[in-house]
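A.B. asks: The sequence and its predicted three-dimensional model are supplied below.
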Amino acid sequence: TVYNLVDAIWVSGLGADALAAIGFVFPFFFAAMALSNGLGVGGGSAISRRIGARDKDGADNVAVHTIVIMLLIAVIFTIPLFVFARDVFVLIGAGSATGMAVSYARIIFAGSIFIFITSVASAILRAEGDVKRAMYVMMLGAGLNIILDPIFIYTLDMGIAGAAWATFVSLAISSAVMVNWLLFKKDTYVSFKFSGFRFDRVIVRDIFKVGIPASVTQLSMSLTMVIMNVMVVAVGSIAGVAVYTTGWRVVSIATLPLIGIATAVVSVTGAAFGARACGKVSIAHLYATKIGVLIEAAIAVVTFIFAPQIAAVFTQSESTAHIAPDLIIFLRIVSLFYAGVPFGMLSSSLFQGTGKGMNALFVTILRTLILTPIFAALLAFNFDMGLTGIWWGLVAANVIGSTVAFIWARLYVRGLIGSR
């Protein structure tokens with residue numbers, strides 16, 4: 001998310017079409033994150049439960065399986081998208097931004113293996129409680145991208161391709177650090193022994209039981225972005241896509257603190273569930289939700305007040321200045337659901353940590369693929385509210401979806417405690 005946001009900030013100087021091009025690629029970048037994060041959640045949950053049950057050999061075996069599966073998925077994801085990039089962007093209506101989208105996307109797709117490595121390796125570190133090193137590597141990659149973007153885009157005059165190469169190099173260096181820690185330095189709790197490796201159906205099933213729903217959960221968000229891009233083009237224009245995708249990056253950054261809390265909820269509830277301490281599962285869920293609400297409420301207030309200043313960061317050039325008013329409206333409307341996000345996101349993390357991945361999948365699909373398109377289309381077309389209707393549709397879908405998720409999670413936890 002930080003990579004894509006930084007790219008958007010620097011690319012905005014190249015014009016609205018360049019900003020829209022980054023926006024058209026964003027769902028596919030997010031899809032790579034979804035697959036890798038989902039696998040990381042599945043593997044991390046399985047590792048945490050085995051650590052909680054004091055089964056180190058089992059945790060080691062899960063870690064090795066997770067790495068091997070990661071490599072297979074990365075290859076399957078990368079090749080088709082790289083080869084058919086132009087056809088994909090023509091199909092989803094990139095229009096005048098197609099050429100720049102392809103130029104940016106092919107470099108990002110080629111480096112998607114590094115997205116998989118950093119995400120899965122970070123999940124393994126977090127699963128064993130080593131949160132700090134996982135954070136350090138993510139900060140390293142993001143920091144490098146911030147430094148390299150202006151150099152590649154403007155100093156070396158590489159344009160939009162320079163933004164992609166900056167992301168590629170930053171992710172590659174982060175991946176190298178992770179690989180060194182896990183496979184060469186070997187100072188982690190879990191150990192990796194690949195000699196004589198054979199797939200264990202039980203372990204694969206355990207990883208996928210949580211990992212597939214987690215991946216599909218995030219992939220549904222990626223698919224929703226594609227649907228929303230098409231809807232925005234129908235209501236407005238390519239400039240509308242620049243507004244939506246740029247604004248949504250701000251939303252992603254605003255909810256970024258919840259990602260850290262959510263990964264902690266997966267690990268803590270997984271370990272507590274494995275140790276049969278169901279009371280701690282409930283405490284972790286409620287405490288995390290309270291903290292999340294406080295953080296997001298504060299961020300919402302800041303976003304609403306400083307929306308013009310935030311929009312100005314992305315509309316500095318003459319060719320992007322015309323989207324500033326619409327971007328300000330977007331930021332202020334969507335900030336209204338920030339405080340409700342923790343109820344849904346952290347409830348999904350609770351389900352993932354306790355091995356109920358399908359529950360997490362259902363509540364996310366309800367919000368992203370069902371409620372969001374329905375409310376957005378209803379308000380934009382039936383009530384003739386245009387782009388503003390789409391933004392209010394996002395708010396309505398997120399509030400209702402998060403409420404359903406939280407109520408279901410509390411009923412599930414109550415059942416766990418009652419059964420023990």
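C.D. replies: All right, it came through fine. Numbering: from 1, shown residues only.
A.B. asks: My guess is residue 68 contacts residue 198. True?
C.D. replies: No: applying Cβ atoms under 8 Å as the test, residue 68 and residue 198 come out as separate, 10.2 Å apart. Where you see a C-beta, it was placed from the backbone N, CA and C, and this is true even at glycine.
A.B. asks: Pick out whichever of the two has more residues nearby.
C.D. replies: Neighbour comparison, residue 68 and residue 198: the larger count goes to residue 68, with 13 against 4 (by other Cβ atoms under 10 Å).
A.B. asks: So what does the more buried one have for phi and psi?
C.D. replies: Main-chain dihedrals, residue 68, degrees, to the nearest 10: phi -60, psi -50.
A.B. asks: For residue 60, the count of nearby residues, please.
C.D. replies: The burial count for residue 60: 18, using other Cβ under 10 Å.
A.B. asks: if I pick it, what's in contact with it?
C.D. replies: 190, 191, 192, 193 (Cβ atoms under 8 Å, 6 or more residues apart in numbering).
A.B. asks: The helix or strand hosting it: how far from the chain's middle?
C.D. replies: In the assignment (DSSP states H and E), residue 60 maps to helix 56-83. The chain centre lies 18 Å from the centre of helix 56-83; the measure is Cα atoms, centre = their mean, to the nearest Å.
A.B. asks: List the buried residues in stretch 396-406.
C.D. replies: Counting neighbours by 16 or more other Cβ atoms under 10 Å, one finds that the buried residues in stretch 396-406 are 396, 397, 398, 399, 400, 401, 402, 404, 405, 406.
A.B. asks: Also stretch 32-44?
C.D. replies: In stretch 32-44, counting by 16+ other Cβ under 10 Å, buried: 32-44.
A.B. asks: picking up where we left off before, can you convert the buried residues of stretch 396-406 into CSV and add a column each for secondary structure?
C.D. replies: Listed next are the buried residues of stretch 396-406 as CSV, based on DSSP: H, G, I helix; E, B strand; the rest coil:
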residue, secondary structure
396, helix
397, helix
398, helix
399, helix
400, helix
401, helix
402, helix
404, helix
405, helix
406, helix
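A.B. asks: Can you lay out these as JSON lines showing distance to residue 268?
C.D. replies: Below are these laid out as JSON lines (distance: Cβ to Cβ, whole Å):
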{"residue": "396", "distance to residue 268": "32"}
{"residue": "397", "distance to residue 268": "29"}
{"residue": "398", "distance to residue 268": "25"}
{"residue": "399", "distance to residue 268": "26"}
{"residue": "400", "distance to residue 268": "27"}
{"residue": "401", "distance to residue 268": "24"}
{"residue": "402", "distance to residue 268": "21"}
{"residue": "404", "distance to residue 268": "23"}
{"residue": "405", "distance to residue 268": "18"}
{"residue": "406", "distance to residue 268": "18"}
